[in-house]
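S.K.: how would this look folded up:
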Amino acid sequence: MKTMLLGALLCFTLAATSATGQRKAATHPAAIKDAGQASPVLLDTMSGELQRAFTSLGKPGPNQKDADKQLPPYFLSYSVADASSVSIRAQFGALADSNSNHVRVADVQVRIGDPKLDNTHGTHRASAVNSLQLPLTDDRVALARTLWLATNAGYGTALDNFLRVKTEAQVRAKEEDTSPDFSKESPEVSITKAAPQIVIDRAAWEQRIKSLSRVFRDYPDVYQNIAMLTVQNETDYYASSEGSRVVAPHTQARVVVFAVTRADDGMDLFRAQTFEAETVDGLPSQESMEAGVRELGKSLEALRKAPVTEPFDGPAILSGRASAVFFHEVLGHRLEGQRQRGDEEGQTFTKELNKPVLPPFMSVSDDPTVTTFGKTWLSGSYTYDDEGVKARRVDLIQDGVLKTFLMSRLPIASFAASNGHGRAQTGRMPTGRQGNLIVTSTKTESEADLKKQLIEEAKKQGKPYGLYFEDISSGFAVTTRSAPQAFQVIPLVVYRVYVDGRPDELVRGVSIVGTPLAAMKRIVATSDKPEVFNGECGAESGTVPVSAVAPAMLVSEIETQRQQQGTQRPPILPIPGAAAPIATKEAQ
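M.R.: Numbers count the residues shown, from 1 in each chain. Next up, the predicted model:
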């Protein structure tokens, strides 16, 4: 799915969704693999123009130089994202924005040379894609001419970069990984119906979103708030010179509620609540969403009054939601195939293949073919990746041992083929990315027993408390050699669990830091209740929908530090209406 982010205001690395939340199970559109089925006008035009361009480029023509005839492309693909969206946004209980949009964008990928060495080599990889907006109507002539224009521009860029690649190959030292630049894959033909038109009761949803935002009027210490509905129906069309022809529809509905406050010492605090489903009909009831928003407001009020954390190094529990983000950031990104080659990549796990990287009771897979976990829809699902390769389950880690990586069509040492994880936002070159990262364990405990073990471990280490991470917003992972191979994730709700029996204490300003190899091997046990995080992840190939599923986990040691304090004081002028005296009968 090529995320277009139409009308989007906020982009979270991951947005929390509990596996036990009320959701309607999503139904994934079944792929119709039938080469004989009538193709849409758009796909038919793409296929025709692609064939004409592929057989003509590099051959003598009225506008071509003689030198060009020796450099025809060996691969050409067209990828079109046809996306419609509706976005409704409210703040402070009033409508701020309500709009709809429809756009078609074509990505043209041109490869010159051969799979062993082509114009995408090394630092030139991202330049292989040329994008152009397409007409919205199925006008064959207009579509063909726009694709022709994008193809000409893309060919010129590819030609220039291939000459640069050949020059660089003559002067650079031999690369550590000499794998080819492109893998050979069997062509795929899968033509399904396009995603349906978006049909929602616009007026009713405007009222619902306003009502969600209005909840914060009861929380005067919440200074900013946004409630937003985004509905997107997208159909991706793919055609290549290898013979692939794919039509893949996607639908998604998301309500995001975001609120901000500031503590008296100047520390900014925020919370977000996200509700996701395949369609608006699958979203929770209004009553359920408003209850969630009220809990968010209460949480922010409590955080304002909570003490600031101190640096800590000791045992901790990450809830299922927090654990899911943790695995996505700390492990998942480092198992993406392209991070195992290149002079700039840190290659954290490259040499760990067939070695233990997790405790033996843990396994990790990535399976974009599953659409739900329990009753929770998984936003990282897709049928074909953005290189026309069929999605498949990949068992990354089995019983603690690293087995493989998330592969696009960029080969690496020991792995010459894609496993259906080449993903990208429109306008970007696909790379190996996560879809639905699923963590499982054979050593599970109840959450109550896990908490007892946390207290015992803290006592053993002479710590006055352990930490419990209930919610994590996002994080980032450094994977390049130019910086330490470290990670940082930002928890939103953290408690101190005291060994002497005192009540758990909420603290604020916590940041988890560490290095991945050490962090992964400190997992002691996991809970028996997996939870889901749905959201979006940004990397070099853009922003794509992702999901992560994991149980809560107890770690023997985790390092935290204080977040940036902030220097601005809370608002001097009281929020309107918050300090107004209540009128009495005598005053009236």
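
S.K.: Quick one: mean pLDDT for stretch 439-451?
M.R.: Taken as a whole, stretch 439-451 has a mean pLDDT of 96.

S.K.: nope, stretch 291-305 is what I meant
M.R.: Confidence over stretch 291-305 (mean pLDDT, whole number) is 95.

S.K.: contact partners of it?
M.R.: By CB atoms under 8 Å, 6 or more residues apart in numbering, the list of residues contacting stretch 291-305 from outside reads 212, 215-216, 218-219, 221-222, 227, 257, 259, 261-264, 269-273, 275, 284, 493, 506, 508. Every residue, glycine included, has its C-beta placed from N, CA and C.

S.K.: now it: how far from the chain's centre is it?
M.R.: Chain-centre distance of stretch 291-305: 26 Å, with CA atoms, centre = their mean, to the nearest Å.

S.K.: what helices or strands is the longest strand along the chain leaning on?
M.R.: Identified as the longest strand of the chain according to DSSP state E is strand 94-114. In terms of contact count using 3 or more CB pairs under 8 Å, 6 or more residues apart in numbering; DSSP states H and E, strand 94-114 is assigned the packing partners strand 73-91, strand 129-134, helix 140-171, helix 202-214.

S.K.: Which among these is found nearest to Gln252?
M.R.: strand 73-91 (9.5 Å; CB to CB).

S.K.: buried set for the closest one?
M.R.: The neighbour-count check on strand 73-91 (16 or more other CB atoms under 10 Å) flags 73-91 as buried.

S.K.: so what pLDDT did Ala126 get?
M.R.: At Ala126, the model reports a pLDDT of 88.

S.K.: One more: Glu344?
M.R.: With respect to pLDDT, Glu344 has a value of 72.

S.K.: And for Ile472?
M.R.: Here, the pLDDT recorded for Ile472 equals 85.

S.K.: Can you name the element that comes right after the helix or strand hosting it?
M.R.: Using DSSP states H and E, the secondary-structure element containing Ile472 is strand 465-477. On the C-terminal side of strand 465-477, the nearest following helix or strand under DSSP H and E is strand 487-498.

S.K.: just to revisit the earlier point, return a ChimeraX selection command for the buried portion of the contacts of stretch 291-305.
M.R.: The following ChimeraX line selects those of the contacts of stretch 291-305 that are buried, judged by 16+ other CB under 10 Å:
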select :212,215,216,219,221,222,227,257,259,261,262,263,269,270,271,272,273,275,284,493,506,508
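
S.K.: Tell me where the chain has helices.
M.R.: Across the chain, reading from the start of the chain, the helices by DSSP state H fall at 41-56, 140-171, 202-214, 286-305, 320-330, 447-460, 516-520.

S.K.: show me what contacts Leu143?
M.R.: Contacts here follow CB under 8 Å, 6+ apart; on that basis Leu143 touches 41-42, 45-46, 49, 134-135.

S.K.: TSV for those residues, including distance to Glu176, pLDDT and neighbour count?
M.R.: Output for the contacts of Leu143, formatted as TSV (distance: CB to CB, whole Å; pLDDT from 0 to 100; neighbours: other CB atoms under 10 Å):
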residue	distance to Glu176	pLDDT	neighbour count
Val41	47	96	13
Leu42	42	97	24
Thr45	43	98	25
Met46	38	98	27
Glu49	40	98	21
Leu134	41	97	22
Pro135	46	97	13
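
S.K.: Just name the closest of those residues to Val532, please.
M.R.: Taking CB to CB as the measure, Val532 sits nearest to Leu42 out of the contacts of Leu143, at 34.1 Å.

S.K.: can I assume the closest one is in contact with Tyr237?
M.R.: Yes: A contact is recorded between Leu42 and Tyr237 when judged using CB atoms under 8 Å, the distance being 5.6 Å.

S.K.: quick one: low-confidence parts of this protein?
M.R.: 1-38, 60-70, 345-346, 474-486, 578-588 (pLDDT under 70).

S.K.: Arg392 is in contact with Thr369, isn't it?
M.R.: Yes: the pair Arg392 and Thr369 qualifies as a contact (CB under 8 Å) at a distance of 6.6 Å.

S.K.: so which of the helices and strands packed on strand 94-114 gets nearest Thr543?
M.R.: In terms of CB to CB, the element of those nearest to Thr543 is strand 73-91, at 12.8 Å.

S.K.: mind listing what the closest one pairs with, with the direction of each?
M.R.: Strand partners for strand 73-91, identified by DSSP bridges, are recorded as strand 94-114 (antiparallel), strand 224-240 (antiparallel).

S.K.: could I get those strands as JSON lines with distance to His121?
M.R.: Listed next are the strands paired with strand 73-91 as JSON lines, based on distance: least, CB to CB, whole Å:
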{"stretch": "strand 94-114", "distance to His121": "8"}
{"stretch": "strand 224-240", "distance to His121": "20"}
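
S.K.: Tell me which of those strands sits most buried.
M.R.: Of these, the one with the most neighbours on average (mean count of other CB atoms under 10 Å) is strand 224-240, at a mean of 24.

S.K.: just the angle between that one and helix 286-305, please?
M.R.: Here strand 224-240 runs at 120 degrees with respect to helix 286-305, directions being taken by axes from the mean of the first three to the mean of the last three CA atoms, to 10 degrees.

S.K.: Just want the angle from strand 224-240 to helix 140-171.
M.R.: Relative orientation of strand 224-240 and helix 140-171, computed by the same axes, to 10 degrees: 90 degrees.

S.K.: okay, the helices of the chain, which one's buried deepest?
M.R.: Mean neighbour count (mean count of other CB under 10 Å) peaks for helix 320-330 among the helices of the chain, with a mean of 27.

S.K.: helices or strands up against it?
M.R.: strand 436-441, strand 465-477, strand 487-498, helix 516-520, strand 531-539, strand 542-550.

S.K.: From Leu132, how far off is Lys459?
M.R.: For Lys459, the distance to Leu132 equals 64 Å [CB to CB, to the nearest Å].

S.K.: same check, this time on Lys116
M.R.: If you measure Lys116 against Leu132 using CB to CB, the figure is 29 Å.

S.K.: Who has more neighbours out of those two?
M.R.: With neighbours defined as other CB atoms under 10 Å, Lys116 and Leu132 compare such that Leu132 has more, 17 against 12.

S.K.: Could you verify my assumption that the more buried one touches Trp148?
M.R.: No: counting by CB under 8 Å, Leu132 sits too far from Trp148 to count as a contact (10.1 Å).

S.K.: Now for the closest residue to Gln461 other than its chain neighbours, how many residues are close by?
M.R.: Counting by CB to CB, 6 or more residues apart in numbering, the nearest residue to Gln461 once its immediate chain neighbours are dropped is Gly314, at 5.6 Å. Burial of Gly314 is recorded as 20 neighbouring residues (other CB under 10 Å).

S.K.: OK, contacts around Gly314?
M.R.: With CB under 8 Å, 6+ apart as the criterion, the residues that contact Gly314 are 458, 461, 463, 465-467, 557-558.

S.K.: picking that back up, with distance to Gln109 as added columns, please give the helices of the chain in JSON lines.
M.R.: Shown next, in JSON lines, are these (distance: least, CB to CB, whole Å):
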{"stretch": "helix 41-56", "distance to Gln109": "11"}
{"stretch": "helix 140-171", "distance to Gln109": "7"}
{"stretch": "helix 202-214", "distance to Gln109": "37"}
{"stretch": "helix 286-305", "distance to Gln109": "41"}
{"stretch": "helix 320-330", "distance to Gln109": "27"}
{"stretch": "helix 447-460", "distance to Gln109": "48"}
{"stretch": "helix 516-520", "distance to Gln109": "32"}
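
S.K.: looking at the ones you listed, which is closest to Leu402?
M.R.: Comparing the helices of the chain by CB to CB, helix 516-520 comes nearest, at 10.1 Å.
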